[in-house]
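In: Structure, please.
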Amino acid sequence: MVMGSENFSFFAERIPAAIFVVGTRNETLKADKHLHSPRFFIDEEALPIGAALNAAVTISYLDDNDASKDADCGSGLEFLTSELKKLAREPEFFKWMIGLRRRIHQYPELGFQEHKTSELIRSELDLLGVKYKWPVAKTGVVVSIGTGSKPVFALRADMGALPLQELVEWEFKSKIDGKMHACGHDAHVAMLLGAAKLLQEKRDILKGTVKLVFQPGEEGYAGAYHMLQDGVLDDIDGICPLHVYPHIPTGTIASRPGQILGGVGLFKATIQGIGGHGAEPHETRDPIVAAAFATLALQQIVSREKNPLEPGVVTVGYIQGGQAGNVIPECVKLGGTYRSLTSEGLYYIQERIRQVIEQQAAVHRCSAVVDFLEEVPLPHPPMANDQPLYEHVKNVGQALLGKSNVRLLPLNMFSEDFSYFGEKTAAVIFVIGSGNETLKSDIAAHSPYFFIDEEALPLGAALHAAIAISYLDDHDSVQHVSLFNSGDKQCSAYEML
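Out: Take a look at the predicted model:
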């Protein structure tokens, strides 16, 4: 990445666009001088290479996007996704999933306290007749459907709510004061239970094992890390969650290959001074001044120390100290978050936060203690999508929803403890659209006005199931004859559905 610019960027605002450079460097010809130099020179051997590349890119693009090829019926993947979507949208199935989601929504539970939610999940699984392990990480549940042998693919839903007071007035509003499903985890559970029902119905065609991971404690408790401490997930070959996303419309999904989410850490600090009367600051050691200087200095870690092409965030989210305008307090507490797209960046920022707060406190004759909540554990690592698995889910999504409804998600600094799974196995995270302006379900997560379009639920259930079934088929080591390889066999293989 460089800070040079190109007005080609105007094209990228309107249509998909990519820019490449073609090498012209040749030291013998002195064709190694910088652009915009009066001595700039090129090796003309690059010209036929550029011409051929331009032509090949164009021809292959047109071939890859030939609509007449997409009209070919018989893709086994299209047959699979169509059948699963039809099943998930049947009125009785849809009503069942909505009912589950609303029951969970009315009784939200915070991290590692999801006892009623876990009980509801297990009750539904018992009715479906599937095997599961419980408890995993206190309230978590892990389901196994299929042969019990390799390959093993996992689907994950988080369960916990947030400490928010719901302000959406509707029939199924949270009944628990100060707690709300404001991040869609109620929908995640409903979609994964829907997938469990679909997979159980299709268990005879599974060429391996699907594990469904109902995870507690995602919202700040590192639930994914704690679930991985249980051996029940040691055998998974890949894993995928779907997260509802209000910023894209219902009927779409989005993700990106490679790096997608930042790693995150939290910090809390106490600056200890000597309090006294506001009229006699010379008799005190003022922790408020020390905290103010520390807060300003923390902002310079990213702006002055980090490479501008390596994103980082340091945010001070709260400062607490004193209760009266004429009293200098004994201590001040402050805290916040720090983020980076690399583990190295995270730990660099973490160490600098400690140094800055401790040393700014010392400059102002105070002392400081900084806590990074490492026992949680924190920080969570950055999240990078596995490239082959990203392509797999993207292809399934295009078959289910259409190519235009699978979007590229911008790289961002939000975080997810799902990244712990990414350190263990091939992992990919996708978001599923729940935005609907008419329903006002386009408000950001973690808002007391957060709401979802429940039309996303059957799509999520069908997508979950299709991802897992097709993954097992593609990775079947016993009889690796892909259902997507040969003409007539594509359709007939999935007619078992």
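In: longest helix in the protein, by residue count?
Out: helix 343-363 (DSSP state H).
In: Show me which residues of it are buried.
Out: Going by neighbour count (16 or more other CB atoms under 10 Å), the buried part of helix 343-363 is 345-346, 348-350, 352-354, 356-358, 360-361. Where you see a C-beta, it was placed from the backbone N, CA and C, and this is true even at glycine.
In: Now whichever strand or helix holds residue 400: average pLDDT?
Out: Assigned by DSSP states H and E, residue 400 belongs to helix 387-401. Mean pLDDT, computed over helix 387-401, is 97.
In: Could you check how far that helix is from the centre of its chain?
Out: 16 Å (CA atoms, centre = their mean, to the nearest Å).
In: With stretch 136-144 instead?
Out: For stretch 136-144 - counting by CA atoms, centre = their mean - the centre lies 20 Å from the chain centre.
In: Wasn't residue 241 part of a strand?
Out: Yes: assessed with DSSP: H, G, I helix; E, B strand; the rest coil, residue 241 lies in a strand.
In: And the nearest residue to it once chain neighbours are set aside, how far from residue 166?
Out: What sits nearest to residue 241 in space, not counting adjacent residues and going by CB to CB, 6 or more residues apart in numbering, is residue 156, at 4.2 Å. Distance, residue 156 to residue 166, using CB to CB, to the nearest Å: 25 Å.
In: Please apply the same query to residue 189.
Out: To residue 166, residue 189 is 17 Å away according to CB to CB.
In: if you count what's nearby, which of these two comes out ahead?
Out: residue 189 (29 against 26; other CB atoms under 10 Å).
In: Okay, buried residues for the helix or strand harbouring that one please.
Out: Assigned by DSSP H and E, residue 189 belongs to helix 185-201. Across helix 185-201, burial judged by 16+ other CB under 10 Å covers 185-200.
In: That helix: what's the following helix or strand?
Out: That would be, after helix 185-201 and using DSSP H and E, strand 209-215.
In: what are the pairing partners of that next one, and which direction each?
Out: The pairing partners recorded for strand 209-215 under DSSP bridges are strand 140-146 (antiparallel), strand 152-158 (parallel).
In: Of all these, which one comes closest to residue 50?
Out: Minimum separation from residue 50 across the strands paired with strand 209-215 (CB to CB) falls at strand 152-158, 42.8 Å.
In: Just the mean pLDDT for the closest one, thanks.
Out: 98.
In: report the angle between the axes of it and helix 387-401?
Out: 70 degrees (axes from the mean of the first three to the mean of the last three CA atoms, to 10 degrees).
In: how far is strand 152-158 from where the chain is centred?
Out: 14 Å.
In: Stretch 366-381 too?
Out: 23 Å.
In: which residues sit against that stretch?
Out: Outside stretch 366-381, the residues that touch it by CB atoms under 8 Å, 6 or more residues apart in numbering are 220-222, 225, 263-273, 285-287, 290, 294, 338, 343, 346-347, 350, 353-354, 357-358, 360-362, 415-417, 419-420, 422-423.
In: which ones among those residues are found in strands?
Out: Per DSSP state E, strands hold the following members of the contacts of stretch 366-381: 263-272, 338.
In: follow-up on the earlier one: same list, the strands paired with strand 209-215, but as a markdown table with mean neighbour count please.
Out: Converted to a markdown table, the strands paired with strand 209-215 look like this (neighbours: other CB atoms under 10 Å):
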| stretch | mean neighbour count |
| --- | --- |
| strand 140-146 | 24 |
| strand 152-158 | 26 |
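In: between those, which gets nearest to residue 430?
Out: strand 152-158 (11.2 Å).
In: quick one: contacts of the closest one?
Out: Contacts for strand 152-158 (CB under 8 Å, 6+ apart): 185, 188-189, 191-192, 195, 208-216, 218-219, 223-224, 233, 235-241, 418, 421, 464, 467-468, 471-472, 475.
In: Which ChimeraX command selects the buried ones in the residues you listed?
Out: ChimeraX command restricting those to the buried ones, with burial defined by 16+ other CB under 10 Å:
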select :185,188,189,191,192,195,208,209,210,211,212,213,214,215,216,218,219,223,224,233,236,237,238,239,240,241,418,421,464,467,468,471,472,475
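In: on that earlier part again, what's across from the residue nearest to residue 241 in the sheet?
Out: Bridge pairing for residue 156 - DSSP bridges - gives residue 213, residue 241.
In: Okay, now the unreliable bits of this protein?
Out: For the chain, applying pLDDT under 70 flags the ranges 66-74, 477-497.
In: So the residue nearest to residue 241 versus residue 238, what's the distance?
Out: 11 Å.
In: Tell me where the stretch 201-350 of the chain has helices.
Out: 223-228, 287-300, 343-363 (DSSP state H, counting those that start in this stretch).
In: which residues touch the first one?
Out: When you say that, I think you mean helix 223-228. Against helix 223-228 from outside (CB under 8 Å, 6+ apart): 111-112, 136-138, 140, 142, 156, 158, 160, 213, 215-218, 233, 377, 380, 417-421, 424.
In: rewinding a little: for the helix holding residue 400, which residues meet the burial criterion?
Out: The neighbour-count check on helix 387-401 (16+ other CB under 10 Å) flags 389-390, 392-401 as buried.
In: The residue lying closest to residue 343 once chain neighbours are set aside: how many residues sit nearby?
Out: Of all residues not flanking residue 343 in the chain, residue 381 sits nearest, at 5.7 Å (CB to CB, 6+ apart). Residue 381 sits with 19 neighbouring residues when counted by other CB under 10 Å.
In: Give me the phi and psi for residue 381.
Out: Here is the backbone geometry of residue 381 (degrees, to the nearest 10): phi -70, psi 160.
In: Relative to residue 473, how far out is it?
Out: For residue 381 relative to residue 473 (CB to CB), the value is 31 Å.
In: before we move on, the earlier item: looking at the ones in strands among the contacts of stretch 366-381, which is nearest residue 442?
Out: For the ones in strands among the contacts of stretch 366-381, the nearest to residue 442 is residue 264 (24.9 Å; CB to CB).
In: Next one: the nearest residue to that closest one once chain neighbours are set aside from residue 238, what distance?
Out: The shortest distance from residue 264 to any non-neighbouring residue, by CB to CB, 6+ apart, is to residue 415 (3.6 Å). According to CB to CB, residue 415 stands 21 Å off from residue 238.
In: what's the answer for residue 388, then?
Out: For residue 388, the distance to residue 238 equals 9 Å [CB to CB].
In: about what we covered before: ok, so of the buried residues of helix 185-201, who is nearest residue 330?
Out: Of these, the one sitting nearest to residue 330 (CB to CB) turns out to be residue 185, at 40.1 Å.
In: pretty sure that closest one is in contact with residue 160, am I right?
Out: Yes: counting by CB atoms under 8 Å, residue 160 is a contact partner of residue 185 at 6.0 Å.
In: shared neighbours of the two, anything?
Out: Residues touching both residue 185 and residue 160 (CB under 8 Å, 6+ apart) are residue 218.
In: Can you give me the buried ones in stretch 114-130?
Out: 114, 117-118, 120-122, 124-125, 130.
In: CA atoms only: put that stretch into PDB for me.
Out: Provided in PDB are the C-alpha atoms of stretch 114-130 (Å, rounded to 0.1, in the frame of the first residue of the first chain):
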ATOM      1  CA  GLU A 114     -27.300 -17.800  29.200                       C
ATOM      2  CA  HIS A 115     -29.000 -20.500  31.300                       C
ATOM      3  CA  LYS A 116     -32.600 -20.100  29.900                       C
ATOM      4  CA  THR A 117     -31.300 -19.600  26.400                       C
ATOM      5  CA  SER A 118     -29.200 -22.800  26.700                       C
ATOM      6  CA  GLU A 119     -32.200 -24.700  28.100                       C
ATOM      7  CA  LEU A 120     -34.400 -23.600  25.200                       C
ATOM      8  CA  ILE A 121     -31.700 -24.700  22.700                       C
ATOM      9  CA  ARG A 122     -31.300 -28.100  24.300                       C
ATOM     10  CA  SER A 123     -35.100 -28.600  24.500                       C
ATOM     11  CA  GLU A 124     -35.400 -27.900  20.700                       C
ATOM     12  CA  LEU A 125     -32.500 -30.200  20.000                       C
ATOM     13  CA  ASP A 126     -34.100 -33.000  22.000                       C
ATOM     14  CA  LEU A 127     -37.200 -32.600  19.900                       C
ATOM     15  CA  LEU A 128     -35.100 -32.900  16.800                       C
ATOM     16  CA  GLY A 129     -33.400 -36.000  18.100                       C
ATOM     17  CA  VAL A 130     -29.800 -34.800  17.700                       C
END
